[in-house]
Every structure is written in C-alpha cells, then in structure tokens.
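Engineer: test case, fold it:
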Amino acid sequence: MAEKAPADVNMLSFEHAIEELESIVKRLEDGKVALEESVAIYERGEALKRRCEELLRRAEARVEKITTDASGQVTGTEPLDVQ
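Structural biologist: Model prediction:
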C-alpha cells in the first residue's frame with residue numbers, strides 16, 4: 001500500500017497543522033525513528049510550527065474588543081490589545 005504524500009503545510013488548517021505537529025513531537029520523543037527520518041520530520045515540524053504561528057497572528061489581528069459606554073451600551077469596537 002502506497003504511503004500518502006504529506007499535505008502542503010501552507011494549505012493546512014490550524015487544527016490539522018497542530019495535530020500533525022503533536023504527532024511529530026511524540027514520534028521524536030519516543031526516539032524510535034532513524035536519524036535521517038528524524039531530520040526530515042523535524043524539518044516538517046518546523047514548517048508546521050511556523051504555519052500555526054502565522055494562523056494565530058492572523059486570528060489575533062481579526063479579534064476586536066467591543067467597547068461600551070458608562071451605561072453598558074455597545075458603542076463600537078477597537079483593536080484588541082494583546083499585550
């Protein structure tokens with residue numbers, strides 16, 4: 001049975017990327033992977049990590065804080081200060 005080719009990292013959703021990254025970390029921690037394969041999956045893990053970080057940055061940029069007046073009425077939105 002032919003092994004399925006890995007998906008393009010740039011096309012993965014956050015959920016799929018983090019799931020694959022967790023799988024790679026587990027395989028590397030188990031220590032039962034040949035050196036050459038370890039290097040290859042480590043490199044894929046780095047790409048997955050960058051993808052997850054990119055998607056999180058995009059999500060943070062879209063999140064806005066709802067502003068209210070003294071009576072609690074919504075007055076609009078403003079960028080969320082994540083710091």
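
Engineer: phi first, then psi, for the most far-flung residue of the chain relative to its centre.
Structural biologist: In the chain, the residue that sits farthest from the middle, by Cα atoms, centre = their mean, is residue 71; the gap is 38.8 Å. Note on residue 71: backbone dihedrals following degrees, to the nearest 10 are phi -90, psi 0.

Engineer: give me the distance between it and residue 78.
Structural biologist: Relative to residue 78, residue 71 is positioned 18 Å away (Cβ to Cβ, to the nearest Å). For the C-beta atoms, the positions are set from N, CA and C on the backbone; glycine is no exception.

Engineer: for residue 50, give me its contacts.
Structural biologist: Counting by Cβ atoms under 8 Å, 6 or more residues apart in numbering, residue 50 makes contact with residue 9.

Engineer: element containing it, please.
Structural biologist: helix 35-62 (DSSP states H and E).

Engineer: likewise residue 65?
Structural biologist: Counting by DSSP H and E, residue 65 is found in strand 64-68.

Engineer: same check on residue 26?
Structural biologist: Residue 26 belongs to helix 14-30 when assigned by DSSP H and E.

Engineer: send me that helix as CSV with only the CA atoms.
Structural biologist: Backbone C-alpha positions of helix 14-30 (Å, rounded to 0.1, in the frame of the first residue of the first chain) are rendered in CSV as follows:
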residue,chain,number,x,y,z
PHE,A,14,-4.7,25.3,12.3
GLU,A,15,-6.3,22.2,13.8
HIS,A,16,-4.7,19.9,11.2
ALA,A,17,-1.3,21.5,11.5
ILE,A,18,-1.2,21.3,15.3
GLU,A,19,-2.4,17.7,15.2
GLU,A,20,0.4,16.7,12.8
LEU,A,21,2.9,18.7,14.8
GLU,A,22,1.9,16.9,18.0
SER,A,23,2.3,13.6,16.2
ILE,A,24,5.8,14.5,15.1
VAL,A,25,6.8,15.6,18.6
LYS,A,26,5.6,12.3,20.0
ARG,A,27,7.5,10.3,17.4
LEU,A,28,10.7,12.3,18.1
GLU,A,29,10.3,11.9,21.8
ASP,A,30,9.8,8.2,21.5
